[in-house]
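> sequence plus the predicted model coming up.
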Amino acid sequence: MSASSHDHPLPPPRVEEVSDGVYAYVQPDGSWWINNTGFLAGRRGVICVDACATERRTRDLREAIGKVSDRPITTLVNTHHHGDHTFGNWLFPEATIVGHEGVREQILDDGIPAYRAAWSSEVVWGAVELAPPFLTFTDRITLHSDDLRCEVRHVGGAAHTTNDSFVWIPERRLLFSGDLVFNGGTPFVLMGSVAGALEAIGLLRELGAETIVPGHGEVCGPEVYDRVEGYLRFVQETARRGRAAGLPPLEAAKETDLGEWGALLDPERLVGNLHRAYAELDGHPLGAPIDLVAAVLDMITYNGGEPLSCLA
């Protein structure tokens, strides 16, 4: 019943060329609010996949892109609405911001979210200005970096959130998964669906990706799907046992041995995931609204009553 241990300085972000002209921007250690982005450097311009959580981190991302390409950033794709992927949107004034229509809707509904207070007060967010996507789609949209085809597809239902998309580059067997995939971190589906996240992993498997840039964690291969699926099924089974025993999500989490999942970053996410899993056991539609404030407060309680750890 403790938060992740962050007793060491984090390595700096790095640019990793994952295919010719295609780059991952990896931000260790991938815990709360420390996401990955990426970009495609074409002859006429750069397509960027996601922004970062803080002003400093997003400015650092832009600086890293500038060291690879002197072309303008023409397009910024948001894989979903969460602030670690969108708070920095406003720092791309020259770019067309692209996202699923649900991303735009949720950003406008949330405004500057008060839930940031659940995390450590030491986070220096910098300026945050709303800049939702202004080119939206309902199912998919295709972008081209020179002649390289990039398919941006909505997963079709609730998963990590209700508005997740991924960026698939079929010619390179390369996937930017957004937060449908966490590598080394605890998957988080409080604002989406446990069952839907499992369906989304099945969809990603069918693509046949060889290289995956996850939303958090190191670049990896398709073997990561097994870990994500295994954890999500663990959440479902824990919820079934807890519900059968008459325990609320927080108490079910306290009674549960994390076992092999205890090594994942941010283990307190189990509590939020159980809130969602209980809703699904109760027959609520996948992704239907639930009491997010209660879930976050329970995560803080599980964390010993301390704000959740964030080094962004």
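Good, I have the coordinates. Numbers count the residues shown, from 1 in each chain.
> how about the strands in the stretch 1-150 of the chain?
14-19, 22-26, 37-41, 46-49, 73-77, 96-100, 135-137, 140-145, 148-154 (DSSP state E, counting those that start in this stretch).
> for the first one, buried residues please.
Think strand 14-19. 15, 18, 19 (16 or more other C-beta atoms under 10 Å). All C-beta spots, glycine's among them, are computed from the backbone N, C-alpha and C.
> related to what we said a few turns ago, dump the strands of the stretch 1-150 of the chain to JSON lines, plus distance to residue 125 and mean pLDDT.
Listed next are these as JSON lines, based on distance: least, C-beta to C-beta, whole Å; pLDDT from 0 to 100:
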{"stretch": "strand 14-19", "distance to residue 125": "23", "mean pLDDT": "98"}
{"stretch": "strand 22-26", "distance to residue 125": "19", "mean pLDDT": "99"}
{"stretch": "strand 37-41", "distance to residue 125": "17", "mean pLDDT": "98"}
{"stretch": "strand 46-49", "distance to residue 125": "20", "mean pLDDT": "98"}
{"stretch": "strand 73-77", "distance to residue 125": "19", "mean pLDDT": "98"}
{"stretch": "strand 96-100", "distance to residue 125": "20", "mean pLDDT": "98"}
{"stretch": "strand 135-137", "distance to residue 125": "26", "mean pLDDT": "98"}
{"stretch": "strand 140-145", "distance to residue 125": "29", "mean pLDDT": "98"}
{"stretch": "strand 148-154", "distance to residue 125": "27", "mean pLDDT": "98"}
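> tabulate those strands (a markdown table), appending distance to residue 168.
Shown next, in a markdown table, are the strands of the stretch 1-150 of the chain (distance: least, C-beta to C-beta, whole Å):
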| stretch | distance to residue 168 |
| --- | --- |
| strand 14-19 | 13 |
| strand 22-26 | 12 |
| strand 37-41 | 13 |
| strand 46-49 | 11 |
| strand 73-77 | 12 |
| strand 96-100 | 14 |
| strand 135-137 | 14 |
| strand 140-145 | 9 |
| strand 148-154 | 5 |
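> for the longest helix anywhere in the chain, packing partners?
Ranked by number of residues, the top helix in the chain under DSSP state H is helix 224-244. With contacts taken as 3 or more C-beta pairs under 8 Å, 6 or more residues apart in numbering; DSSP states H and E, helix 224-244 sits against strand 174-182, helix 194-207, helix 249-254, helix 269-281.
> ok, residues contacting it?
Applying C-beta atoms under 8 Å, 6 or more residues apart in numbering, the contact partners of helix 224-244 are 181-183, 186-187, 189, 194-195, 197-198, 201, 204-205, 212, 214, 248-249, 251-253, 255-256, 261, 264, 270, 273-274, 277-278, 280-281.
> how far does that helix sit from its chain's centre?
Put simply, helix 224-244 sits 19 Å off its chain's centre (C-alpha atoms, centre = their mean, to the nearest Å).
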